[in-house]
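# coords please:
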Amino acid sequence: MTEIQGVASADGAEPKMPPGVLLEGPQVDAKFLDSYIAFGIMVSGSIAALVWTFTQGIGWVEVSVFLGTFVLSTIGIGFMHRYFVHRSFRCGPVMRTLLAAMATMAVQGSVLKWVSNHRRHHLHSDKPGDVHSPYYDGAGNRYLSFAKGMSHAQGGWVWDRETTDAAYYAKDILADPIAMFFTRTRWYWYALSAVIIPGVIGYGFGGVHAMIGCVLFAGLLRSYLMTMATSLVNSVCHSDGRYGYRRFETNDGTTNELVTTFLTFGEGLHNNHHRFPRDAYLSHAWYEIDINGLIILGLGKLGLVHDIFLSPVSAAGAVSKTPVEPAAEDLDVSGVR
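Residues are numbered from 1 along each chain as shown. Have a look, this model is predicted:
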């Protein structure tokens with residue numbers, strides 16, 4: 001992998017972090033506070049869910065609510081990724097409000113935080129400055145152990161001292177009143193997703209026992225497992241060919257991995273995505289099932305979204321076997337059009 005201009009080699013002097021990375025200050029403190037609270041609740045809730053499941057048992061209500069909320073959360077992350085990060089399509093304020101609600105209720109951080117981190121990831125993919133690369137830690141030091149790198153990409157990056165400057169990577173989100181409303185009120189939406197909705201449904205269909213089971217199993221455990229599934233894109237789909245396959249010769253370690261693709265409704269087609277970041281539909285072959293992309297195309301047919309961006313490969317439904325260099329518009333991570 002080549003180096004980004006202005007970033008020192010990991011084999012030489014101390015690496016220099018690129019612009020837009022904060023090493024101290026209130027945003028770093030806020031990141032840790034959010035992480036401690038969110039993961040403390042999710043991990044303790046997940047342990048309680050497993051204890052409850054094996055001691056008290058769960059039934060069809062808890063399983064059904066788990067599956068339903070997992071599906072909606074997965075679709076929500078798809079909207080977070082393809083709309084708020086990459087502007088793969090456009091929509092009106094009512095639809096944007098719905099997308100922001102679903103994205104926030106996936107319990108993976110605010111719209112502002114998610115967008116900032118992901119744009120930084122694209123700009124410095126698998127190089128010093130990447131938020132969650134399996135090759136470099138948060139300070140830009142190269143991992144000598146593949147296992148340590150994968151652990152960092154799967155979730156360890158959350159505890160890095162470095163954080164992303166939203167003013168550098170997400171000016172459009174800061175200027176969007178809808179996105180910022182959901183950013184400011186994110187904890188209410190987390191509670192609605194992980195506690196209130198599962199609890200109400202559980203109580204309505206099975207009483208107090210099902211209510212407790214739904215909160216623990218379909219709320220807190222589901223939120224944690226959903227986060228781990230999404231994190232597979234950071235680790236498994238950046239394995240430089242160890243897992244999955246590479247359709248395009250991109251300047252990073254991205255791969256397409258079909259199990260991750262299934263669990264994330266298409267986000268595991270990560271090599272395709274890094275070749276065409278704005279693409280609303282990531283499938284380039286019949287066996288690459290992109291459910292999130294199909295939902296976006298369906299919303300377009302219904303007139304609920306418009307100006308859907310499709311790469312030449314996706315639009316033609318063809319499979320490219322020739323390595324190509326991304327065009328300038330493919331590499332624009334600002335998301336603003």
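# and the helix or strand where A179 lies, what does it pack onto?
In the assignment (DSSP states H and E), A179 maps to helix 177-184. Packing partners of helix 177-184 (3 or more Cβ pairs under 8 Å, 6 or more residues apart in numbering; DSSP states H and E): helix 93-104, helix 111-123, helix 171-174. Heads up, the C-betas are built off the backbone N, CA and C, glycines and all.
# Just send the ones you listed back as CSV, with distance to W159 and mean neighbour count too.
Below are the helices and strands packed on helix 177-184 laid out as CSV (distance: least, Cβ to Cβ, whole Å; neighbours: other Cβ atoms under 10 Å):
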stretch, distance to W159, mean neighbour count
helix 93-104, 22, 19
helix 111-123, 14, 23
helix 171-174, 24, 17
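# so how many other residues sit close to L33?
Each residue near L33 was counted by other Cβ atoms under 10 Å, and the total is 10.
# Quickly note the distance from it to Y224.
According to Cβ to Cβ, to the nearest Å, L33 stands 19 Å off from Y224.
# before we move on, back to that, how about JSON lines for the helices and strands packed on helix 177-184, with mean pLDDT added?
Shown next, in JSON lines, are those (pLDDT from 0 to 100):
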{"stretch": "helix 93-104", "mean pLDDT": "98"}
{"stretch": "helix 111-123", "mean pLDDT": "96"}
{"stretch": "helix 171-174", "mean pLDDT": "97"}
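# a markdown table for the ones you listed, including distance to F70?
Converted to a markdown table, the helices and strands packed on helix 177-184 look like this (distance: least, Cβ to Cβ, whole Å):
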| stretch | distance to F70 |
| --- | --- |
| helix 93-104 | 13 |
| helix 111-123 | 18 |
| helix 171-174 | 26 |
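# Among those helices, which comes closest to I41?
Of all those, helix 93-104 sits nearest to I41, with 15.8 Å by Cβ to Cβ.
# Report the angle between that closest one and helix 177-184.
20 degrees (axes from the mean of the first three to the mean of the last three Cα atoms, to 10 degrees).
# Tell me which other helices or strands helix 93-104 touches.
Short answer (3+ Cβ pairs under 8 Å, 6+ apart): helix 93-104 packs on helix 60-79, helix 111-123, helix 177-184, helix 186-191.
# How about the secondary structure of the residue lying farthest from the centre of the chain?
Centroid-distance maximum for the chain: G207 at 34.2 Å, with Cα atoms, centre = their mean. In three-state terms, and counting by DSSP: H, G, I helix; E, B strand; the rest coil, G207 is helix.
# Good, wrapping up.
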